[in-house]
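# Mind looking at a prediction? Sequence and model below.
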Amino acid sequence: MEEELMQIKNSAVSMIIEAVDQKELEEIKLQFLGRSGRLTLTLKEITKLPKEKRPEIGILANDVKRVIEETLENQMSNLKSQKSHEIKKRIDTTAPGIKPNLGHLHPMTQVLYEVVEVFKSLGFQAADGPEIETDHYNFEALNIPKDHPARDTQQTLYLDTRNSKVTPGDIILRTQTSAMQGRIMEKVKPPLRVIVPGKNFRYEQVDASHGFEFWQVEGFLVDTNVRLTDLFGTIDYVLRKLMGKDVKLKFATTNFPFVEPGVDTYISCTVCGGRGCSFCKYSGWSEIMPAGMIHPNVLKAVGYNSQKVSGFAFAIGLSRLVTLRYQMDDLRLLTNPDMRILEQF
Ligand SMILES: [Zn+2]
């Protein structure tokens, strides 16, 4: 019996030490300590021994069992640490990783931030406004009553108000950021200097230099003694800051109902260098910044005394500014999600 126990111990220990994985260890455990394992069966035999022999063999049997269990446990943890070591060897944690693709600001946003900075340096504050606007702020408050022909130049997208209490035609997608003039001036007393960057929408034929959705930066200033030359000076300063000091500008008179007089600012086309291209409609110039002195009717509509204060307003065609800045010959490139285009900025 003693000899058999020693044999069990020796063969179990040597098998355990040679085991290469957990599965093999489980099998060995079953083979010796399981219900019909070799040691278990031997232990049952002890009861058949003479009484005086039993304690001595019992102690020896327990010892064998303890040794097998301990060896099993040790080998189990050895295999585990060996495995993690092997994984570490396979993964070189010091090797340089794969760089994730980093995004960057869209060229439109980059230029917008620059525009805001330039105006901030002139004391302007930036405001935000709703893209869904009322007819009142988009047209009426800007001296464009319902029957005014100027409405024809701003093909308007109307919201479906059939199942609401809103009068049909009252809620629109704003056609110009100028809609914010009324909203702000109603709340703030002059002097004020404000810019409103934002998206506008018009029902327009899309081409290289027109989009149905386009960005503008509206701006207006109201104070005492504001003159047309202040407007010229501001436009000149801002556009040279944004487009370089050598940029060629020209002003022309124009007519917008919310300004008097109205001024149109043209910039020499940077796409073709002024020679003429499809972007500038072969004129060599691109309209960039309509402006003018705020019409007294607009000032009166918000409760200002047009005898005491005056002001100017302008709107930079931001989408067009970006295309001219980067010499893109098509406005539609700005809304194209193609990474080959965006990665160039
Ligand atoms: Zn051109």
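Here it is on my side, so go on.
# Pull up the gap between the residue nearest the centre of the chain and L112, please.
What sits nearest the mean C-alpha location of the chain, by CA atoms, centre = their mean, is L105, with 8.2 Å. Distance of L105 to L112, given as CB to CB, to the nearest Å: 9 Å. Backbone N, C-alpha and C define where each C-beta goes, glycine included.
# and if you look at N10?
Distance from N10 to L112, counting by CB to CB: 82 Å.
# same deal with L321?
The gap separating L321 from L112 is 9 Å, by CB to CB.
# Compare the two (neighbour count), which wins?
More crowded of L321 and L112, by other CB atoms under 10 Å: L321, with 25 against 21.
# Which of the helices or strands spans the more buried one?
If you go by DSSP states H and E, L321 is part of helix 318-325.
# just Q7 next, same as before
helix 2-18.
# Show me how far that helix is from its chain's centre.
Relative to its parent chain, helix 2-18 has a centroid offset of 68 Å by CA atoms, centre = their mean, to the nearest Å.
# what comes up buried for it?
Neighbour-count burial for helix 2-18, counted by 16 or more other CB atoms under 10 Å, picks out 5, 8-9, 12-13, 15-16.
# Likewise for stretch 266-276?
266-272.
# close to the ion, is it?
Yes - using CB under 5 Å from the ion, stretch 266-276 comes into contact with the ion via 269, 271-272.
# The protein: helices as residue ranges?
Under the criterion DSSP state H, the chain contains helices at 2-18, 22-33, 38-45, 54-90, 107-121, 135-138, 179-187, 228-243, 296-301, 318-325, 339-342.
# Determine which stretch of these is the most buried.
Stretch with highest mean neighbour count among the helices of the chain: helix 318-325 (a mean of 23; mean count of other CB atoms under 10 Å).
# Let's see the pLDDT reported for the residue of the stretch 101-250 of the chain found nearest the ion.
Relative to the ion, the nearest point of the stretch 101-250 of the chain is S209 (9.4 Å; CB to the ion). Listed pLDDT for S209 reads 75.
# Could you check how many residues crowd around it?
That count, for S209 with other CB under 10 Å as the rule, works out to 22.
# What of V226?
Neighbour number of V226 under other CB under 10 Å is 18.
# Once you drop chain neighbours, what's closest to it?
Residue nearest to V226 in three dimensions, not counting chain neighbours: S310, with 4.7 Å by CB to CB, 6 or more residues apart in numbering.
# Over to K250?
Nearest residue to K250, sequence neighbours excluded (CB to CB, 6+ apart): Y266, at 4.9 Å.
# Next up, the contacts around that neighbour.
By CB atoms under 8 Å, 6 or more residues apart in numbering, Y266 lies in contact with 249-252, 285-288.
# out of the residues you listed, which are inside strands?
Of the positions in the contacts of Y266, 249-252, 285-287 sit in strands, assigned by DSSP state E.
# hang on, the earlier thing: closest to D170 out of the helices of the chain?
D170 sits nearest to helix 135-138 of all the helices of the chain, at 5.1 Å, using CB to CB.
# Near the ion, which residues of this protein? Just list them.
Listed as neighbours of the ion in the chain under the rule CB under 5 Å from the ion: 269, 271-272, 277, 279-280.
# Adding pLDDT, write these out as TSV.
Output for those, formatted as TSV (pLDDT from 0 to 100):
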residue	pLDDT
C269	87
V271	83
C272	86
C277	86
F279	80
C280	85
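# Would you reformat those as CSV and include distance to G219?
Listed next are these as CSV, based on distance: CB to CB, whole Å:
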residue, distance to G219
C269, 23
V271, 25
C272, 28
C277, 28
F279, 24
C280, 24
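# And for stretch 112-129, what's in contact with it?
Stretch 112-129 is contacted by residues 105, 174, 177, 179-180, 183-184, 192-198, 215, 217, 219, 221, 234, 237-238, 241-242, 316, 318, 321 when judged by CB under 8 Å, 6+ apart.
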